[in-house]
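*Asks:* Would you be able to build a 3D model of this:
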Amino acid sequence: MAKDLGGFLSQYEKDFPDEVVHVEKAIDSKWEVTALVEKLETEKKFPIVVFHRVKTPEGKISEFPLVMNVFASRQRCARIIGSTYERYSIDYARKTTLDRKKPVIVRSKDAPVKQVVQTGRTINLFELPAPLHHGMDPGHYITAGYFTCYDDETKLDNAALHRGWIKDKQEVRIFLSAHTHANLLFHRHESRKKDMRCAYWIGHHPAACLGAQAKVPLDASHFEAAGGLCGEPLRLVPSETLGDDFLVPADAEIVIEGIMPHGERRTEGPFGEALGYFGPQQLNPYMKVTAVTRRKEAYFHDLFVGHADPLTGINSAYIEAQVYEAVKAAVPSIQMVYRPPFALSQIYIQIKKRKEGEAVDALLAALATSEYTKEAFVFDDDINIFDEREVLWAMSTRTQWETAITMVRNGRASGLDPLASDENSTTKVGFDCTKPAPPAPFAKRLYVPEQVREKIKLTDFITEEKLRRM
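*Replies:* Here you go, the predicted model:
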């Protein structure tokens, strides 16, 4: 059976019932759903939340359940791809590169996303329970929709998260950030005075979503990367209005098809973005919606931008994987990579240092890889980079500041960074937090003999009830 969002939710709730919450009471898509999820986050609780009765912008109860917080836990994301908390990005990189699988094409009658087809005046995007997320947002946004277009030269797909403001029943205004392939492809169309066919697909098995977000070369397929992470080929189906050569995921919950007119821009934003600030209103392209296809009982998936859901799992995965692959090419002894939640511009790199210069090579490779990375830190393999105590200890005791800092001026920056220049550049810095390379001597860390650590059990000395209350 093909993987999909409904099947994932059902199985995950069976396996981890405490990690799925159903909200049956009516709740407004205008700020109320995000207020609830934000309160959970404040309490350091990150369950998947399924809202069953969401009030739409038109004041009606949507027929579509709203799903949020799927990626809010790194442990959950690791389970989704069959990995562990520590190896999450390493396995992600392997599966989306070495294990890619070519998709298969199915007929429309075999595609769940074609169970309901709306065209023309029957299309009303305000029927969707898309939230109004933050206080300055101009309206209800698609945030977990994978904006998909095709390269006319290679015929390959490009799919990635690009926010879309539902401005009207049949219009979505879309932000295509500067350094993305979608932006490049749109400008290629514009240079030929051609409109661009495009679609959003919303809701799928979380592994397909994580895989589609992988940063692959322009001459590679996001759908193949998604198949690698799913462990099976992604099933695709011809679009309803964009031609048989425009393929969309057959097992998605909802697909919104349309045309992005060349040479036209409309105001979009401001919007509460990933870095925790409102980005400015700007002129952006838009989609004229030509069709909506969906499952009969479709879920609407949303990412709460700027909060744990995208930051902890989905964004960190591809950034960590990018950095891991880039550093591995320069320093093969790399062990782990970690992007700490909410320290959005930072990346921690763990290497088994063999000679001097490797730490600097790792820093330069990391800083050049992602526009989101402004500070990189390199640690030895005996430092647990997932433990902030260990990280801060290594910074304090293994960093010789006069030689440890590597600075890069005019590096590539995210357009979402409020400190980026008008040309989307910034200053980046790397920190060498490693010991001198062997055979140079260095003080030995404190330790308790391992045989004694294994022998001592807390419950032999402290009651379980007392331990639970600690």
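*Asks:* would you say residue 288 is within a strand?
*Replies:* Yes. Under DSSP: H, G, I helix; E, B strand; the rest coil, residue 288 sits within a strand.
*Asks:* So it sits against residue 171, correct?
*Replies:* Yes. Counting by Cβ atoms under 8 Å, residue 171 is a contact partner of residue 288 at 6.5 Å. No exception for glycine: its C-beta is placed from N, CA and C like everyone else's.
*Asks:* now the helices: where do they sit in the stretch 351-470 of the chain?
*Replies:* Using DSSP state H, counting those that start in this stretch, the helices found in the stretch 351-470 of the chain span residues 358-369, 388-397, 401-404, 450-455, 464-469.
*Asks:* With mean pLDDT and distance to residue 60 added, can I get the ones you listed in a markdown table?
*Replies:* As requested, the helices of the stretch 351-470 of the chain are exported to a markdown table (pLDDT from 0 to 100; distance: least, Cβ to Cβ, whole Å):
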| stretch | mean pLDDT | distance to residue 60 |
| --- | --- | --- |
| helix 358-369 | 92 | 46 |
| helix 388-397 | 93 | 46 |
| helix 401-404 | 88 | 59 |
| helix 450-455 | 90 | 60 |
| helix 464-469 | 87 | 45 |
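*Asks:* Can I get the ones you listed in a markdown table including mean neighbour count and distance to residue 250?
*Replies:* Converted to a markdown table, the helices of the stretch 351-470 of the chain look like this (neighbours: other Cβ atoms under 10 Å; distance: least, Cβ to Cβ, whole Å):
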| stretch | mean neighbour count | distance to residue 250 |
| --- | --- | --- |
| helix 358-369 | 22 | 33 |
| helix 388-397 | 14 | 43 |
| helix 401-404 | 11 | 52 |
| helix 450-455 | 8 | 51 |
| helix 464-469 | 8 | 47 |
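*Asks:* Check this structure and tell me which residue is nearest its centre.
*Replies:* Centroid-nearest residue in the chain: residue 314, 2.6 Å away (criterion: Cα atoms, centre = their mean).
*Asks:* hang on, isn't it packed against residue 71?
*Replies:* Yes. Here residue 314 lies in contact with residue 71, judged by Cβ under 8 Å, at a distance of 4.5 Å.
*Asks:* Which neighbours do those two have in common?
*Replies:* Common neighbours of residue 314 and residue 71 (criterion: Cβ atoms under 8 Å, 6 or more residues apart in numbering): 77, 209-210, 303.
*Asks:* just those residues now: which is nearest residue 394?
*Replies:* Checking the shared contacts of residue 314 and residue 71 against residue 394 by Cβ to Cβ gives residue 77 as the nearest, at 25.8 Å.
*Asks:* List the buried residues for the biggest helix by length in the chain?
*Replies:* Counting residues, the longest helix found in the chain (DSSP state H) is helix 315-330. Going by neighbour count (16 or more other Cβ atoms under 10 Å), the buried part of helix 315-330 is 315-328, 330.
*Asks:* tell me which strands and helices that helix is in contact with?
*Replies:* Identification of packing neighbours for helix 315-330 by 3 or more Cβ pairs under 8 Å, 6 or more residues apart in numbering; DSSP states H and E yields helix 88-97, strand 334-338, strand 346-351, helix 358-369.
*Asks:* Using TSV, lay out the ones you listed together with distance to residue 457.
*Replies:* Listed next are those as TSV, based on distance: least, Cβ to Cβ, whole Å:
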stretch	distance to residue 457
helix 88-97	30
strand 334-338	29
strand 346-351	30
helix 358-369	39
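*Asks:* which one of these lies closest to residue 1?
*Replies:* Nearest to residue 1, of those and by Cβ to Cβ, is helix 88-97 at 20.3 Å.
*Asks:* Next, the angle strand 334-338 makes with the closest one.
*Replies:* Between helix 88-97 and strand 334-338, the angle comes out at 100 degrees (axes from the mean of the first three to the mean of the last three Cα atoms, to 10 degrees).
*Asks:* For the helix or strand just after helix 88-97, name the packing helices and strands.
*Replies:* Next helix or strand after helix 88-97 toward the C-terminus (DSSP states H and E): strand 104-105. Secondary-structure packing of strand 104-105 (3+ Cβ pairs under 8 Å, 6+ apart): strand 235-238.
*Asks:* mind giving me the domain ranges of the protein?
*Replies:* 85-297, 331-433 (automatic domain parsing).
*Asks:* and among those, the most buried is which?
*Replies:* domain 85-297 (a mean of 20; mean count of other Cβ atoms under 10 Å).
*Asks:* Pull the distance from that domain to the chain's centre.
*Replies:* The chain centre lies 13 Å from the centre of domain 85-297; the measure is Cα atoms, centre = their mean, to the nearest Å.
*Asks:* So for it, first residue to last residue, what's the gap.
*Replies:* End-to-end distance for domain 85-297, by Cα to Cα, to the nearest Å: 33 Å.
*Asks:* Also stretch 99-115?
*Replies:* 31 Å.
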